[in-house]
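[1] Curious how this folds, go ahead:
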Amino acid sequence: MTTLAFPTLSRPDPRQQQWGLVSASRSFVSPLTGSTQTLVTPGAERWRVSWTLPPLQEADAALFQAFLVSLSGQAGRFYLYNAARPAPP
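    Below you'll find the model as predicted:
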């Protein structure tokens, strides 16, 4: 599947944003001894972001809704920038 670009909206900057890394680690606890074994998959971290967008104009809302549908749920990938740092230093 192609990695999509975030749509160009007339007011794209979010009111709030929270970024974080989600690691792909798993823990297993032995039912016999109670000891814990942790498995970390290298390079399997992914970014998680929560955005609160301002009210969108009708055309922007339709464009954004079409973009979300085109992602096909968790299968979709897209490029997104950090609105607090729109240009590299």
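
[2] How far does stretch 54-67 sit from its chain's centre?
    18 Å (Cα atoms, centre = their mean, to the nearest Å).

[3] can you list the residues that contact that stretch?
    Here stretch 54-67 makes contact (Cβ atoms under 8 Å, 6 or more residues apart in numbering) with 4, 6-7, 9-11, 13-15, 53, 78. Yep, even glycine has a C-beta here, placed from its N, CA and C like the rest.

[4] From the residues you listed, pick the one nearest Arg26.
    For the contacts of stretch 54-67, the residue nearest Arg26 by Cβ to Cβ is Phe78; the value is 26.9 Å.

[5] Let me know whether the closest one touches Leu71 as I believe.
    Yes - counting by Cβ atoms under 8 Å, Phe78 does reach Leu71; the two are 6.7 Å apart.

[6] what sits in contact with each of the two?
    Shared contacts of Phe78 and Leu71, defined by Cβ under 8 Å, 6+ apart, comprise Leu4.

[7] ok so, going back, going through the contacts of stretch 54-67, which ones are buried?
    Taking 16 or more other Cβ atoms under 10 Å as the criterion, what is buried in the contacts of stretch 54-67 is 9, 53.

[8] Same list (the contacts of stretch 54-67) but as JSON lines, adding pLDDT and secondary structure.
    Below are the contacts of stretch 54-67 laid out as JSON lines (pLDDT from 0 to 100; DSSP: H, G, I helix; E, B strand; the rest coil):
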{"residue": "Leu4", "pLDDT": "92", "secondary structure": "strand"}
{"residue": "Phe6", "pLDDT": "87", "secondary structure": "coil"}
{"residue": "Pro7", "pLDDT": "89", "secondary structure": "coil"}
{"residue": "Leu9", "pLDDT": "85", "secondary structure": "coil"}
{"residue": "Ser10", "pLDDT": "85", "secondary structure": "coil"}
{"residue": "Arg11", "pLDDT": "77", "secondary structure": "coil"}
{"residue": "Asp13", "pLDDT": "78", "secondary structure": "coil"}
{"residue": "Pro14", "pLDDT": "82", "secondary structure": "coil"}
{"residue": "Arg15", "pLDDT": "83", "secondary structure": "coil"}
{"residue": "Leu53", "pLDDT": "87", "secondary structure": "coil"}
{"residue": "Phe78", "pLDDT": "90", "secondary structure": "strand"}
